[in-house]
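Engineer: requesting a structural model of the entry that follows:
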Amino acid sequence: MYRVYKRIQIFDHHFNDVVKIKHAFTHTSYCNENLCSGNYEKLETMGDAVLKLIQTDVLFASGNSPGQITKMRNALESNQYLASVLPESLEKYIRVGKSVNKKNDIERH
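Structural biologist: Residues are numbered from 1 along each chain as shown. Take a look at the predicted model:
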């Protein structure tokens, strides 16, 4: 299974830490039904902070007002938007429990 995750490349970035990639694609529901060493939740906290920093930097450099930056950043951070830009080729790597509808859950979380 780890060999599959080694080949994942997102937006021209190759990831070296295979365990973190595996965790990033693992939903809590999968761990509730299977033996696994971790899921996305801890990484999500860091990822959210990094996304917010990058978005704010780009929007600030574009000359937007603080109010505009907040509104635009909120739209960019929405789960629906993020799911819409997720390359479909990555969806096959997402591990969720049997009780979860993968597509709906991606858009909701």
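Engineer: in which helix or strand does Gln59 reside?
Structural biologist: Residue 59: Leu, not Gln. Assigned by DSSP states H and E, Leu59 belongs to helix 41-61.
Engineer: other residues contacting the helix or strand following that helix?
Structural biologist: Per DSSP H and E, helix 41-61 leads on to helix 66-77 as the next helix or strand towards the C-terminus. Helix 66-77 is contacted from outside by Asp48, Leu51, Lys52, Gln55, Thr56, Leu59, Phe60, Asn64, Tyr81, using Cβ atoms under 8 Å, 6 or more residues apart in numbering. No exception for glycine: its C-beta is placed from N, CA and C like everyone else's.
Engineer: whichever of those end up buried, select them in PyMOL.
Structural biologist: Buried members of the contacts of helix 66-77, defined by 16 or more other Cβ atoms under 10 Å, are picked up in PyMOL with:
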select buried, resi 55+56+59+64
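Engineer: lowest pLDDT pick from the contacts of helix 66-77?
Structural biologist: Ranked by pLDDT, the contacts of helix 66-77 bottom out at Leu51 (81).
Engineer: grab the nearest non-local neighbour of that residue.
Structural biologist: Glu77 (6.6 Å; Cβ to Cβ, 6 or more residues apart in numbering).
Engineer: what is the burial count for that neighbour?
Structural biologist: Number of residues near Glu77 (other Cβ atoms under 10 Å) recorded here: 13.
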